[in-house]
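> Model the following, please.
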Amino acid sequence: MTIRLLIADDHLIIRQGIRLILETEEEFELVGEASDGAEALRLCAELHPQVVLMDLRMPGMDGLTAIERLHVEQPDISVVILTAFNEDELMLRGLRAGAKSYLLKDTSREALFNAIRAAARSETLLSPDILSRLLNRVESTPHAPVTNNEPALLTEREREVLAAVAKGERSKEIAFRLGITERTVKAHLASIYNKLGVDSRAAAIAAAVQKGWL
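The predicted model follows:
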């Protein structure tokens, strides 16, 4: 099944390079290219790609703003961040905004393809390096105390499920290891998403790290 893709990057040579890489696989169809966030939103509305490869820092509307807008206006479209900026804060903000994956532009061809395939299935795929950096933020980032206006803290079981998600385990694997049904795992995930105010695994991990809930 063909995966329809759109590239958003302000550098023509980067777009050309990604296009050449994608053309090596028949399952990928590049339907459009954008040079900034605003153009990416317009083309997404016209072309309806399944996945957008989004740079973060572009002139005009930046990638983070475009991801936030796209997540609200066209939630069926998945975003894979592909950037040259190896910054933890940008990574956290991008994942919280709704991106399915965070890749650097020096990533391998295989890693790029796997992230695209996962995003097309509306699944999150984070590399071990990205997961490690997210989890390391628990120790390095100061966390504000919980107030009465904040959601209730995660239950022990929800923490177990979220920790497993952070390790990249799928719902079926989590269910088997914890001795519960896959339906129960999904119910725990729904509760976690509600408490964190997110709707994806990547966003849940990023939000939990920022709050110190992992």
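
> worst-scoring helix or strand of this structure, pLDDT-wise?
Using mean pLDDT, DSSP states H and E, the weakest-scoring helix or strand in the chain turns out to be helix 128-140, at a mean of 68.

> Against which helices or strands is the helix or strand just after that one packed?
The helix or strand immediately downstream of helix 128-140 is helix 156-166, counting by DSSP states H and E. Using 3 or more CB pairs under 8 Å, 6 or more residues apart in numbering; DSSP states H and E as the contact test, the elements touching helix 156-166 are helix 128-140, helix 171-178, helix 182-196, helix 201-211. Yep, even glycine has a C-beta here, placed from its N, CA and C like the rest.

> For residue 43, which of those helices is the nearest?
helix 201-211 (23.4 Å; CB to CB).

> mind exporting stretch 10-17 as PDB, just the C-alpha atoms?
In PDB, the C-alpha atoms belonging to stretch 10-17 read as follows (Å, rounded to 0.1, in the frame of the first residue of the first chain):
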ATOM      1  CA  ASP A  10      13.000  25.700   3.700                       C
ATOM      2  CA  HIS A  11      16.100  24.300   2.000                       C
ATOM      3  CA  LEU A  12      15.600  23.200  -1.600                       C
ATOM      4  CA  ILE A  13      18.700  20.900  -1.500                       C
ATOM      5  CA  ILE A  14      17.300  19.100   1.500                       C
ATOM      6  CA  ARG A  15      14.000  18.500  -0.200                       C
ATOM      7  CA  GLN A  16      15.700  17.300  -3.300                       C
ATOM      8  CA  GLY A  17      17.800  14.900  -1.300                       C
END
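
> residues contacting the residue nearest the centre of the chain?
When CA atoms, centre = their mean is applied to the chain, the residue found nearest the centroid is residue 100 (2.2 Å). By CB atoms under 8 Å, 6 or more residues apart in numbering, the contact set of residue 100 is 78-80, 115, 118-119, 122-125, 200, 202.

> Appreciated, that's everything.
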